[in-house]
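>>> Predicted model and sequence follow; I will ask about them next.
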Amino acid sequence: MTSYPPPHVEHLDVLIVGAGISGIGAGRYLKVSHPGRSFAILEGRGASGGTWDLFRYPGVRSDSDLYTFGYEFRPWRDRESIATACRVLSYVRETATENGLDPHIRYHHRVVAADWSSEAARWTVRVERTDPATGASERIELTAGWIFCATGYYRYDEGHTPAFEGRDRFRGQIVHPQHWPEDLDHRGKRVVVIGSGATAVTLVPAMAGAAAHITMLQRTLTYVVPVSKEDKAARFLRRVLGDRRGHAVARRKNIARQQLVWRFARRFPAATRKLIRAANARLLPAGFPVDEHFNPPYDPWDQRLCAVPDGDLFKAISAGTASVVTDRISTFTEDGILLRSGRELPADIIVTATGLTLQLLGGMRLTVDGTDVSPADSLLYRGTMLSGIPNLNVAIGYTNASWTLKIGLVCEYVCRLLAHMDRYGHDTARPVSEPGLATRPMLDFGAGYVRRALDRLPKQGPAAPWVASTSYRGDRRLLQHTAIADGHLRFSGPATRAGRLADADRWGEPPERRASGG
């Protein structure tokens, strides 16, 4: 028998988990499309902004242009389109304030678990609420008709650091970029950054000016692409067409360019490799061993390309304030790192830019009608819902384009779905996959942080709507224009729970609408 929560438990129509760029976007779309719905945005930390508030390491910035990484509904007005974290953070918070979302955000509220009741058609959500003044915590409960998980896909409290031999022997300071000390002073110090991804190529030029010397120590090579900080074409469009129209045209231009670059790279990997290598060689000193340090053995976009604004990494290398070493670590020593080659890198500070720890749903535990469910046992439906789990969606962006492009489409889709459910009297929507459907990993991506977590992530199927699409154009069709009732989404409402199984429950549409082809 289902136990209902006591009457005083707060009920929300929609619960948004996470007040980062995705959660703020979800709140805005929901408020505009469904102004009568009650909702709250729960944030486990004490500030909004997600990634852009959490990461404090030197030089932290976007690696996508803000015309596509920013919101479609709010123009990006800064001169630089590759923006610093503080500017992205201001943009996100200004968006929240302008759209009246600040009163809906509840800080220091970490969602621990959510239990779905099919009979009540709602989630009972357990939340850990912390008093910022005392640090004391208490558990509270609330209920929600829908959960929008906007927590991203990595752990905010824990980065990934491999076990390094001899770590305890090192007499200097070891820092992970996800937990950067505010008082870290690297002026005049010898710094070694372990890693070759986006964080490493950001840190090295940002620290190079003040450090005695900084070395990027990499095991696996990465494709590094110089890009311009400013988008002059976008600035021209905004000047001629105005902020909103200019932003919209610049956004479409940059979306097309992102997709064109990705498709070209996948179709012509050898040519793309040559183009990137030539761009690198042009910015590096004469005689620099480009192939040793910047020519990976895999094809472009097998892993994400790293952008360097105005070639800042190459400028630091050319100036002699930074260097790159490609080798494997044998052990940490008292004064640095001993490499497999026998070379020792002296260091006062070692930065372990070794990646993220992936985690879906912010680590919350889910049960459906008393049974534990795991995202790893589900298929991703339309890139946002999980098979077998009702009234819940996750915000997962692109790996081959700006993250927020996908999130905007997801927000619009959820709003469409909620409107459809209102129209036909449904209160439950549950994706159901065909038995025996062939599956594959959700992320077809070679990065180490992805490979380490594949067994904890949902799967994808062989075709839509069960694929994790990498095509913005394809997702626009699927999420904006394809019928909500597609035969894979099962709906129910009070009538069906009362025992009157209607065609609307099986097909998602009333019989007269289905017969008319609507």
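Okay, I see it. For clarity, every value in this text was computed on a predicted model and none was experimentally measured. Numbers count the residues shown, from 1 in each chain.
>>> Tell me which stretches of the stretch 351-500 of the chain form strands.
356-358, 365-368, 371-373, 380-381, 385-386, 392-394, 428-431, 440-441, 459-460, 489-492 (DSSP state E, counting those that start in this stretch).
>>> Include mean neighbour count and mean pLDDT when you put those strands into CSV, please.
C-betas here are computed from N, CA, C, even on glycine. Conversion of these to CSV gives the following (neighbours: other C-beta atoms under 10 Å; pLDDT from 0 to 100):
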stretch, mean neighbour count, mean pLDDT
strand 356-358, 20, 80
strand 365-368, 17, 97
strand 371-373, 13, 96
strand 380-381, 27, 96
strand 385-386, 26, 97
strand 392-394, 25, 97
strand 428-431, 22, 97
strand 440-441, 14, 85
strand 459-460, 22, 90
strand 489-492, 22, 95
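>>> of all these, which lies closest to W180?
For W180, the closest of these is strand 356-358, at 14.5 Å, according to C-beta to C-beta.
>>> Which secondary structure state does I147 sit in?
With DSSP: H, G, I helix; E, B strand; the rest coil as the basis, I147 sits in strand.
>>> M207 is nearest to which of the strands of the stretch 351-500 of the chain?
Closest of the strands of the stretch 351-500 of the chain to M207 is strand 356-358, at 20.4 Å (criterion: C-beta to C-beta).
>>> What pairs with the closest one, parallel or antiparallel?
Here strand 356-358 has these sheet partners by DSSP bridges: strand 154-159 (antiparallel).
>>> List the buried residues of the strand it pairs with.
Neighbour counts using 16 or more other C-beta atoms under 10 Å place 154-156, 159 of strand 154-159 among the buried residues.
>>> Looking at these, which two lie furthest apart in space?
For those, the maximum inter-member distance is 9.5 Å, found between Y156 and G159 (C-beta to C-beta).
>>> okay if I get the strands of the stretch 351-500 of the chain as TSV plus distance to Q259?
Compiled in TSV, the strands of the stretch 351-500 of the chain are given as follows (distance: least, C-beta to C-beta, whole Å):
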stretch	distance to Q259
strand 356-358	25
strand 365-368	34
strand 371-373	35
strand 380-381	21
strand 385-386	24
strand 392-394	23
strand 428-431	27
strand 440-441	22
strand 459-460	20
strand 489-492	28
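>>> what sits against T326?
By C-beta atoms under 8 Å, 6 or more residues apart in numbering, the contact set of T326 is 218-219, 221, 292-293.
>>> what do you get if the cut-off is 10 Å, keeping everything else the same?
Contact analysis of T326 by C-beta atoms under 10 Å, 6 or more residues apart in numbering lists 196, 216-221, 289, 292-294, 339, 341.
>>> Likewise for R238?
Contact analysis of R238 by C-beta under 10 Å, 6+ apart lists 67, 75-77, 231, 244-250.
>>> switch the cut-off to 8 Å
Contacts of R238 (C-beta under 8 Å, 6+ apart): 75, 77, 246-247, 250.
>>> Take those residues and keep only those in helices.
Within the contacts of R238, residues falling in helices by DSSP state H are 246-247, 250.
>>> and the residues you listed as a markdown table, adding neighbour count?
Shown next, in a markdown table, are the ones in helices among the contacts of R238 (neighbours: other C-beta atoms under 10 Å):
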| residue | neighbour count |
| --- | --- |
| G246 | 20 |
| H247 | 24 |
| A250 | 25 |
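>>> hang on, the earlier thing: of all the buried residues of strand 154-159, which comes closest to P458?
Y154 (15.4 Å).
>>> roughly how far apart are the closest one and F55?
Look at Y154 and F55: by C-beta to C-beta, to the nearest Å, they are 11 Å apart.
>>> Not counting sequence-adjacent ones, nearest residue to K459?
Closest residue to K459 apart from its sequence neighbours, by C-beta to C-beta, 6 or more residues apart in numbering: T439 at 3.9 Å.
>>> for that neighbour, what are its contacts?
By C-beta under 8 Å, 6+ apart, T439 lies in contact with 379, 459-461.
>>> cool, and L42?
L42 sits next to 15-19, 106, 109-111, 127 when contact means C-beta under 8 Å, 6+ apart.
>>> again, only using 10 Å
Counting by C-beta under 10 Å, 6+ apart, L42 touches 12, 15-19, 23, 104-111, 125, 127, 129, 142, 144, 147, 150-151, 362.
>>> Restricted to strands, list these.
12, 15-17, 105-107, 109-111, 125, 127, 129, 142, 144, 147 (DSSP state E).
>>> of these, buried ones?
Judged by 16+ other C-beta under 10 Å, buried ones among those: 12, 15-17, 105, 107, 109-111, 125, 127, 129, 142, 144, 147.
>>> Which one of those is nearest to S402?
The closest of these to S402 turns out to be I16 (C-beta to C-beta; 20.6 Å).
>>> re earlier: any idea which of the buried ones among the ones in strands among the contacts of L42 is the one closest to N99?
Closest approach to N99 among these (C-beta to C-beta): I105, at 11.5 Å.
>>> That closest one and A26 touch, don't they?
No. I105 lies out of contact with A26 (C-beta atoms under 10 Å); the separation is 11.9 Å.
>>> Can you check which residues contact both of the two?
Residues touching both I105 and A26 (C-beta under 10 Å, 6+ apart): 16, 19, 41.
>>> Roughly how far does the last one sit from F73?
The one in question is I41. Relative to F73, I41 is positioned 17 Å away (C-beta to C-beta).
>>> do the same with the first one
For I16, the distance to F73 under the criterion C-beta to C-beta works out to 17 Å.
>>> and E344, how many residues sit next to it?
14 (other C-beta atoms under 10 Å).
>>> whoops, I mixed them up, D377
By the criterion of other C-beta under 10 Å, D377 has 13 neighbours.
>>> ditto for G100
Neighbour number of G100 under other C-beta under 10 Å is 11.
>>> Let me know the secondary structure of it.
Criterion first, three-state DSSP; result for G100: coil.
>>> looking at it, it is touching I24, isn't it?
No. Judged on C-beta under 10 Å, G100 makes no contact with I24 at a distance of 11.5 Å.
>>> A212: what's it in contact with?
Contacts of A212 (C-beta under 10 Å, 6+ apart): 186-191, 321, 346, 348.
>>> Out of those, which is nearest to T333?
For the contacts of A212, the closest approach to T333 (C-beta to C-beta) belongs to P346, at 9.0 Å.
>>> what's the closest non-adjacent residue to the closest one?
Closest to P346 by C-beta to C-beta, 6+ apart is G336, at 4.3 Å.
>>> Ok, P226 next?
P226's closest residue in space is G311 (C-beta to C-beta, 6+ apart), at 3.9 Å.
>>> which regions of this structure sit below the pLDDT cut-off?
Residue ranges of the chain with pLDDT under 70: 1-7, 445-451, 453, 497-518.
>>> Give me the buried subset of the contacts of T326.
Applying 16+ other C-beta under 10 Å to these flags 196, 216-218, 221, 293-294, 339 as buried.
>>> Can you list which of the residues you listed are found in helices?
293-294.
>>> Make a markdown table from the buried ones among the contacts of T326 and add distance to D63 to it.
Shown next, in a markdown table, are the buried ones among the contacts of T326 (distance: C-beta to C-beta, whole Å):
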| residue | distance to D63 |
| --- | --- |
| S196 | 14 |
| M216 | 16 |
| L217 | 21 |
| Q218 | 17 |
| L221 | 18 |
| H293 | 20 |
| F294 | 17 |
| L339 | 28 |
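>>> Between the buried ones among the contacts of T326, which sits nearest A278?
Using C-beta to C-beta, the buried ones among the contacts of T326 come closest to A278 at F294, 11.1 Å.
>>> in which helix or strand would I find the nearest residue to that closest one once chain neighbours are set aside?
Once flanking residues are discounted, F294 sits nearest to N280: 4.8 Å by C-beta to C-beta, 6+ apart. Element membership for N280 (DSSP states H and E) is helix 269-283.
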